[in-house]
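> requesting a structural model of the entry that follows:
(2 chains)
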Amino acid sequence: MKKVSLLLAFLCLIGLQLGFSQTREITGKVTSSEDGGGIPGASIVVKGTTVGTIADMDGQFRLKVPVAAKTLEVTFVGMEIQSIALGSQSVYNVQLKPKDVSVEEVLVVGYGVQKKREVTGAISQVKGDAMANLATPSFESQLAGRSAGVQITAATGVLGEAPRIRIRGIGSLSQGTYPLVVVDGMPIITGDVGGDASVNAMGDINPADIESVEILKDGSATAIYGSRAANGVILITTKKGTKGKASVTYSDYFGVASPVDLFKLLNSTDFVTIANEKRTNHSQSILAVGTDVNTDWQKAVLRQNAFQQDHNLSISGASDATKYYFSAGYTTQEGVSRPNKMDRFTMRANIDHKAYKWLTLGLNSAVTRSEYFGMNTGNNSLSGNIFSAIRQLPNTLVFDPTNPTGYNIDAINPAIVGRGQNLQGIDDNLPNIRYTLDKNVQTSKILGVTASAYALLTIAKDFTFKTQLGVDSKGTMGFQYWNPLHGDGRGSNGYINNDYTTYLRWNWQNVLTYVKTFADVHNVNVNLVNEFQQQTYNYFYGSGTNMSDAFFNKNLISGSYGTQSSGGSMTQNGFNSLAARVNYNYAGKYFFQASVRRDGISSLPKANRFGYFPGASVGWTLSKESFMKDLKFISDLKIRASYAEVGNVNIGNYPYLGLYANAKYADYNGIAFAQMGNDQLKWETSKKVDAGLDASFVDNRYKFTFDYFVNNLDGQILGVPTPPSFGIPGNTVAKNIGALKNWGYEFSGEALLISSKDFRLTADANLSLVKDVVKTLVDHQDIINTYTIIRENVTYNTLFGYDYVGVNAANGNPIYRKADGTMVQGNIPTSTYKVYNASNPSDISVAGSLLSTDRKLLGSTIPTYFGSFGVKAEYKGFDFGLMFRYSGGNYVMNRTRMDLLNQKFQNNSTEILGRWQSTTVPGDGWTPRLWYAGDTFVNLTDNASTRWIEKGDFVKLQNLIIGYTLPKSLLSKAGIQNLRIFAQGQDLLKFTKYKGIDPEMESGGVDYNGTPRQRVITIGVNLKF
Amino acid sequence: MKNTFKINLKTSKLLYVPVLVFLMLAYSCEKNIDLQPYNQVSETAAFQTPALVALSVTGMYEAAEIGYYANPVTPAYRGYPFGAASVEQGDNRGEDVVNTATFYQLTYTATYSTSSANNVNFWKDSYRLINRCNIVIDGVKTAATNKVITDAQAAIYAGEAKLLRAMTYHELLIHFARPYKDTPGATHMGVPYFDQPFTTAAAITAGFATGRSTVADVYTKILADLDYAEANLPLKAAMTGNAKITRGTKGAAVAEKTRIYLHMCGTWTR
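Have a look, this model is predicted:
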């Protein structure tokens, strides 16, 4: 390379001598932005001419340029091109930045890598840098908004609860919808791995170790994963050492988390008014007395400044033969709800060693120890953190020093929270929620080991063979303790439980690869894969109630409890597979890929356990065609299309077998028929079609990707009802009968708007439009849930309930529109329905009805559009980035709002102040007359109604980052290569009309007493030696 | 052939590594996917050993003692068809109690309908028990044929199952059909009668073809079951320990038969 540039320079010099007469001389120095040192051999050329030179051993140059010359271009191998505007001065010092990416961008695909320009499937890549330094319990929540077609929703702020991931819509009607996750080729265990606090297996991955995340979205990209691919595949690649001397990096952050919002609860004065109005309207005596105390119980439960910190240290480097990356990480994060907390220690060692010309050995290993401290988050549980916090009476105290416990516990009924001056204790026997959160314990402590070792053999010319043996294991110790004095444990005089859960998965893969180019234009790449996997799950527990004393609350202690119980279970599953994939391209212009996988799955009956999963795709790089040559502004243009059939085996372990479960008759052990078998059962199938386009313009400054997709899901496993007189367990048989369709469009683009010596500005955005429709159900029968319905020809899980019109201004009754369009009012005093006559609203003489047949479809729970947009800027040492995320088109059943308007002797939200009081004070027209204990009738508890259904549209400022990288000159003396300090915020702003805390806090379309999501603000440093 | 071998050897011995691995795997057994459950017993194994047969018979009684009150995914339990709830509902049907609990109010005021939870679940749980009885009757027969258990033992087990089956059908008739004497010869509709286990898709297809039997028909079958039970069950005195009070006996079969004849009033011939 050097020789060539020398030659070039020589030629240029000759050109210079012969060329122009009107010249002037300029001088300068080319340095590297990395270490400030000179760059010998850098080439300096006047743009659009052959006039140029190369820098000398110190990076100095001297050049005669035409007076008319405008721009200088400075280039060097591995560095970004730098353009300098020529001014009147004669000295130009130029700093070159190393190129961000290696020469050819590559994407990780199933069982290998592919050059990005040769990929014909739909794959999104998210670089680890984009998510590094973000305070997060698990990295995948930070993928939200970063990739078109991928929707990730963290419904609560509870650390350890896994966010919901949807890749191109709903993956299954009734079975698992979690994508397959593969780390460095090893498919890992995902989901909750046991214990007594919520635990997300993905939280075991240290985000700082991630080099890149690839999300395989379409059929052709996922087909190589066959029966596991229907919900999409997430490939995680961890960091490796890069050539050069060892570099040591250290990064940390410190931050505080707080709830994104709090409920607007009544203060004491309003509470007393409302609570007593409920009673007097119902002709009952008042209960609420006293406004001296004004407690916001949310603040007793939710932390306003939860402390979070994270530290990472890594050493990496590579010689000719060996690459290494070692890292250690520690994070401790407090959640927004007491006592939620996580601690995580991680260690990783990735080593690749080229032992011989023909043999490379490698090991990727990670050990993680994490501890989660959880709590009761039951959305309908008396000690549920939010359920209780929003109901506690504001005119009562949290702590009471006169009580032996120090907490405000009722003197008359010690099962409930102290009543203060009120004439009666709180309804529903709610305990002091702060006491239960402080005293009760729910923990999960996990030791996770993920390791894979491989050998890569070059067995002949053009042939390589890789064999990889991996293991993923989780051992989770759970512990739960309920204090005997107060709260959940009072009834049983304490409860204590220890449990242990282990998952062990081994996986063996063999990949034979053939790569060959024929006649310079026919590029062939063939992979043969076989893969074996088996997973074993074990669980056991021991527990006791009737504790001798609260003292024995750290572990099960022999003899410290009365009634004892124990139990356990064990399951296994596995698969073995053969797969083949052929890639062919002609001169980088025409691409073709085909693959087929044969999976044998333990979860299916012998006759059906083997399935074939084919996929194919084509691509055409138009920009390489001669007819496009003149369109200089197009740097790259490729169209592609794919089709594949993949499966979903998240269907349980033995769904096909007729099973006999334990059935104890009094004290005698027995077994009995518990699951009806179906020897015809198969995996669920997803037929995926994709058509896409990748384009980039003006020297790749503007990039654009478009995809259209259709996923036809059939063979969905549903329980087919059998007549109860057959006596079949559960009265259902599992059959492959349902069908569902998802389709949509994805757009994403990025633009390099400004690129100059000191200033660089990029912008990116993506938009996904996704729709779905249920095609087939058992006998066309609706599946009706509490608030939603699954019905043919409408979108999956549509809200289903009553059409609420408003309040009858004449008497404060709620009015509903029936299915036939007529209106009825619920006469609150008698709990009966009466016909509503608009011309005589106070008339309640005609009996009416509101029946289950009056329920209507009330809107989709699945967002129809979502995406993000953001900008990044760099100015001298400063960097700045922000990302907005948006979503909408869905409706949310705000059940929390219903709970906040309860009619009991409990607190309410300020919305209740708009209630109907009289014909002269009709209120907001939406909140009916108060009626003590009238919940079921006035609010239609456990039913959806348009009174509570709201649009879920939002725009959020998801991330804001400001950083400053100190100048090299300051650092080099201290031996520091790079030092950056940064501050950032997450979930800082939201723009929505949604009345709850956050429209994303829904699960299945229902917002139900979830713990508020967290807003985190952090500061930190990145340091490199 | 020999020639090729030589050439390959020369190019690279390493070529045999993948060939060996792939060959080995192609012929390897499907051990890692031939998995059986550990938490439950597969139906193919349930009647394979004397111990498992005994467990299945005991498990049949469990369905008599307690049934599901909601769907089995999030189960709640009630004592149907012969547990506590059943007795309590019976008390509330009569006139010898004063009800104060809202749970029994529908029964107490006799306002229950085809969708009342207690009725629906009583129906479901009764047939759940009947299916288990049919499974046991079928299973012990197979086990005896395969010499897993003795014919004598199989007859006792089948006797227990038939006693329970007779009792359950009779309970169903009491609740879901008109009395025996409603029509001469009891030719009015009773309940669907099944004496084959529903464990296969073929059984389900056959089941759909079966309609309701007449009351007389069901009574005849009940009596046949009880005759079998009487003939094959041991006397209480011949049993040991708690089995004396927890398992079906000859005496129980006779007592139940007496009860049936009382319900058939007018056909008293013995």
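
> for the closest residue to chain B within the stretch 351-500 of chain A, helix, strand, or coil?
The stretch 351-500 of chain A approaches chain B most closely through residue A:459 (3.8 Å), counting by Cβ to the nearest Cβ. C-betas here are computed from N, CA, C, even on glycine. Under DSSP: H, G, I helix; E, B strand; the rest coil, the three-state class of residue A:459 is strand.

> what's the neighbour count on it?
22 (other Cβ atoms under 10 Å in any protein chain shown).

> and if you look at residue A:326?
Neighbours of residue A:326 using other Cβ under 10 Å come to 17.

> before we move on, what about residue A:548?
For residue A:548, using other Cβ under 10 Å, the count is 15.

> the closest residue in space to it that isn't next to it in sequence: what's it in contact with?
Computed as Cβ to Cβ, 6 or more residues apart in numbering or on different chains, the closest residue to residue A:548 that is not its neighbour in sequence is residue A:560, at 5.0 Å. For residue A:560, the contact set (Cβ atoms under 8 Å, 6 or more residues apart in numbering or on different chains) comprises A:496, A:544, A:547-549, A:552.

> which residue ranges of the stretch 1-150 of chain B form strands?
B:41-42, B:67-68, B:77-78 (DSSP state E, counting those that start in this stretch).

> okay if I get the ones you listed as a markdown table plus mean neighbour count and mean pLDDT?
Supplementary listing: those in a markdown table, determined by neighbours: other Cβ atoms under 10 Å in any protein chain shown; pLDDT from 0 to 100:
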| stretch | mean neighbour count | mean pLDDT |
| --- | --- | --- |
| strand B:41-42 | 21 | 86 |
| strand B:67-68 | 22 | 84 |
| strand B:77-78 | 18 | 84 |
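
> need phi/psi at the nearest residue to residue A:134 once chain neighbours are set aside.
What sits nearest to residue A:134 in space, not counting adjacent residues and going by Cβ to Cβ, 6+ apart, is residue A:142, at 5.1 Å. Backbone geometry at residue A:142, expressed as degrees, to the nearest 10, gives phi -80, psi -10.

> can you report how many residues lie near residue A:142?
The tally of other residues near residue A:142 (other Cβ under 10 Å) stands at 23.

> so it makes contact with residue A:135?
No - counting by Cβ atoms under 8 Å, residue A:142 does not reach residue A:135; the two are 9.4 Å apart.

> show me what contacts the spatially most central residue of chain A?
Centroid-nearest residue in chain A, with Cα atoms, centre = their mean: residue A:141, separated by 3.4 Å. Residue A:141 is in contact with A:152, A:154, A:163, counting by Cβ under 8 Å, 6+ apart.

> with residue A:760 instead?
Contacts for residue A:760 (Cβ under 8 Å, 6+ apart) come out as A:752, A:754, A:873-875.

> now swap in residue A:164 and tell me
Residue A:164 neighbours (Cβ under 8 Å, 6+ apart): A:152-155, A:1003.

> from the residues you listed, which single one is nearest chain B?
Distance to chain B, by Cβ to the nearest Cβ, is smallest for residue A:1003 among the contacts of residue A:164, at 16.5 Å.

> count the neighbours of the closest one for me.
15.

> show me what from the stretch 601-750 of chain A comes close to chain B.
Proximity of the stretch 601-750 of chain A to chain B, by Cβ under 8 Å from any Cβ of the partner chain, involves residues A:601-602, A:609, A:653-654, A:657-680, A:722-731, A:733.

> now do the buried residues in stretch A:504-524.
Within stretch A:504-524, the residues scored as buried using 16 or more other Cβ atoms under 10 Å in any protein chain shown are A:504-513, A:523.

> so which of these sit within strands?
Among the buried residues of stretch A:504-524, the ones falling in strands (DSSP state E) are A:504-513, A:523.

> of those, list those near chain B.
A:510, A:512.

> ok, back up a step: out of the contacts of residue A:560, flag the one nearest to chain B.
residue A:544 (22.5 Å).

> for the nearest residue to that closest one once chain neighbours are set aside, what are phi and psi?
Closest residue to residue A:544 apart from its sequence neighbours, by Cβ to Cβ, 6+ apart: residue A:561 at 3.0 Å. Dihedral angles of residue A:561 (phi, psi; degrees, to the nearest 10) stand at phi -140, psi 160.

> quick one: residue A:561 from residue A:368, how far?
Distance of residue A:561 to residue A:368, given as Cβ to Cβ, to the nearest Å: 33 Å.

> likewise residue A:591?
With Cβ to Cβ as the criterion, residue A:591 and residue A:368 are 39 Å apart.

> checking the residue of the stretch 151-270 of chain B at minimum distance from chain A next. Helix, strand or coil?
For the stretch 151-270 of chain B, the residue closest to chain A is residue B:198, as judged by Cβ to the nearest Cβ, at 4.4 Å. Recorded secondary structure, residue B:198: coil (three-state DSSP).

> what is the burial count for it?
With other Cβ under 10 Å as criterion, residue B:198 counts 26.

> look up which residues are beta-bridged to residue A:769.
residue A:745, residue A:865 (DSSP bridges).

> just flag the most distant two among the contacts of residue A:560.
Greatest spatial distance among these (Cβ to Cβ): A:544 and A:549, at 12.5 Å.

> who's more crowded, these two?
Neighbour count, other Cβ under 10 Å: between residue A:544 and residue A:549, residue A:544 has more, with 24 against 10.

> which strand residues bridge that one?
Beta-bridge partners of residue A:544, as defined by DSSP bridges: residue A:496, residue A:564.

> wait, isn't it in contact with residue A:496?
Yes - judged on Cβ under 8 Å, residue A:544 makes contact with residue A:496 at a distance of 5.4 Å.
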